[in-house]
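[1] no letters, just coordinates:
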DNA sequence: GGCCGTAGCTTACCATCAGTAGGTTACTTG
DNA sequence: CAAGTAACCTACTGATGGTAAGCTACGGCC
């Protein structure tokens, strides 16, 4: 089997095993067995257990970024862009389910390189979000976009996990919740500067 | 040395080693060495490496919950409660620095029990937040409190990591950002039901 | 005083698993 | 057919999570 195909197959199996057992409990021997290949092949292609995890993460995040930015690009207004991106995000997470959740949360345990990979993925998401927001709000001085985007990304990750345990929630509902909470909050902030003492 | 003291000492050393090396790379032998005790003592008191991590997490989250709920209790209005809780949160995270970040993110890798511990901690935070919010907004039908609290908790965790890399940001600024983004967003939503088409 | 249960602690060991050395097969290229 | 190389293997090492069995010292009890 050619290397590229084998690598894809390995990453697919690895994603599954990591999700089933967790990174620590997953053994390279088992992954190799399930692939139907011997362990040194994994090391030949990915260098280390962490390298294999990084490859899985990188693939997942590339896919996620592709899906969300395509959705955002296709939408007309900034608000629609953000909403469409959010819906695509929650749909992707739901489709990839547990595997994604594990990959996402487990990288930190491993070391700088996997953690860096995760952070790079989040960075792309936050960049996408903050540039989208910047389209709408031309006065970023009031509310710095970067940390706001961090809040959005973190909030969405958390909400996605919550949705996993509440399967009746649709991606649209989750996206709408985030829009209501954050977008209108931000809009109010940027546009209207309401006095906080209202309540 | 009596057991309780020894346990505290072990947890203190473990938290540090986990933070320095990461959970995977941290070895029980090294922790035992630094404590000045032999490895079986760690297993006698904590059962397993994961058990030791869980103990560290449990202690940290108890401390965090204590700090934040005390701050919230001491504040008069719901808005002040939320703000005070947020400030206490960001101050706590900053003070515990890297150790906290690692403990928080590394549990998922380990297995159900440590992951459950983390989730339990988040659950307490979200409960605290949603009950605080419920004080303010008597119409939870419009915006379900539970998922909204998830978004807040996730956003704060993410923002805390961001603050770690931007040390010039104060806990007050971080809290204010969250308040602006979410509280006023929620308030607008609950109170005014603005039409989304404004932009 | 002398015995005994137990808390705190140790050495020495096992099993598992990440990672490696070196060799084999088979296909392509000249 | 020879040479090179890509895909793949068996068999090993070292580190580390976890355990078995025993040692020491102290407090209670006769």
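    That came through, no problem. Predicted model only: the values in this text are computed from it and were never measured.
[2] just the pLDDT for residue A:168.
    We have a pLDDT of 92 for residue A:168.
[3] I meant to write residue A:12 there.
    Confidence score, pLDDT, at residue A:12: 94.
[4] can you tell me the element it falls in?
    Per DSSP states H and E, residue A:12 falls inside helix A:3-21.
[5] against which helices or strands is that helix packed?
    Helix A:3-21 makes packing contacts with helix A:28-35, helix A:39-46, helix A:49-74, helix A:78-110 when contacts are defined by 3 or more Cβ pairs under 8 Å, 6 or more residues apart in numbering or on different chains; DSSP states H and E. (C-beta placed from N, C-alpha, C; glycine too.)
[6] quickly compare the ones you listed and say which is most buried.
    Compared across the helices and strands packed on helix A:3-21, helix A:78-110 shows the largest average neighbour count, a mean of 21 (mean count of other Cβ atoms under 10 Å in any protein chain shown).
[7] ok, back up a step: redo the helices and strands packed on helix A:3-21 as a markdown table? Include distance to residue B:11 and mean pLDDT.
    A markdown table is the format used below for the helices and strands packed on helix A:3-21 (distance: least, Cβ to Cβ, whole Å; pLDDT from 0 to 100):
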| stretch | distance to residue B:11 | mean pLDDT |
| --- | --- | --- |
| helix A:28-35 | 31 | 97 |
| helix A:39-46 | 35 | 96 |
| helix A:49-74 | 27 | 88 |
| helix A:78-110 | 19 | 75 |
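[8] and those helices as a markdown table, adding distance to residue B:23?
    Output for the helices and strands packed on helix A:3-21, formatted as a markdown table (distance: least, Cβ to Cβ, whole Å):
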| stretch | distance to residue B:23 |
| --- | --- |
| helix A:28-35 | 18 |
| helix A:39-46 | 21 |
| helix A:49-74 | 13 |
| helix A:78-110 | 5 |
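[9] show me what from chain A comes close to DNA strand C.
    Residues of chain A lying close to DNA strand C by Cβ under 7 Å from any atom of the strand are A:25-29, A:39-40, A:43, A:48-50.
[10] how does it look with 10 Å?
    A:17, A:21, A:23-32, A:38-44, A:46-53, A:110-111 (Cβ under 10 Å from any atom of the strand).
[11] so residue A:168 is in which element?
    Following DSSP H and E, one finds residue A:168 outside all helices and strands.
[12] give me the number of residues near it?
    6 (other Cβ atoms under 10 Å in any protein chain shown).
[13] now do residue A:163
    Around residue A:163 there are 22 other residues, counting by other Cβ under 10 Å.
[14] these two touch, right, it and residue A:94?
    Yes: here residue A:163 reaches residue A:94: they are 6.8 Å apart, a contact under Cβ atoms under 8 Å.
[15] which residues sit in contact with residue A:31?
    Neighbouring residues of residue A:31 by Cβ atoms under 8 Å, 6 or more residues apart in numbering or on different chains: A:10, A:13-14, A:17, A:42, A:52.
[16] again, only using 7 Å
    A:13-14, A:17, A:42 (Cβ atoms under 7 Å, 6 or more residues apart in numbering or on different chains).
[17] which one of these is nearest to residue A:79?
    residue A:14 (38.7 Å; Cβ to Cβ).
[18] could you check how far the closest one is from residue A:32?
    Residue A:14 sits 10 Å away from residue A:32, taking Cβ to Cβ, to the nearest Å as the criterion.
[19] kindly report the same for residue A:38.
    6 Å.
[20] the closest residue to residue A:177 other than its chain neighbours: what's it in contact with?
    Nearest non-adjacent residue to residue A:177, counting by Cβ to Cβ, 6 or more residues apart in numbering or on different chains: residue B:147, 5.7 Å away. Residue B:147 sits next to A:159, A:162, A:177 when contact means Cβ under 7 Å, 6+ apart.
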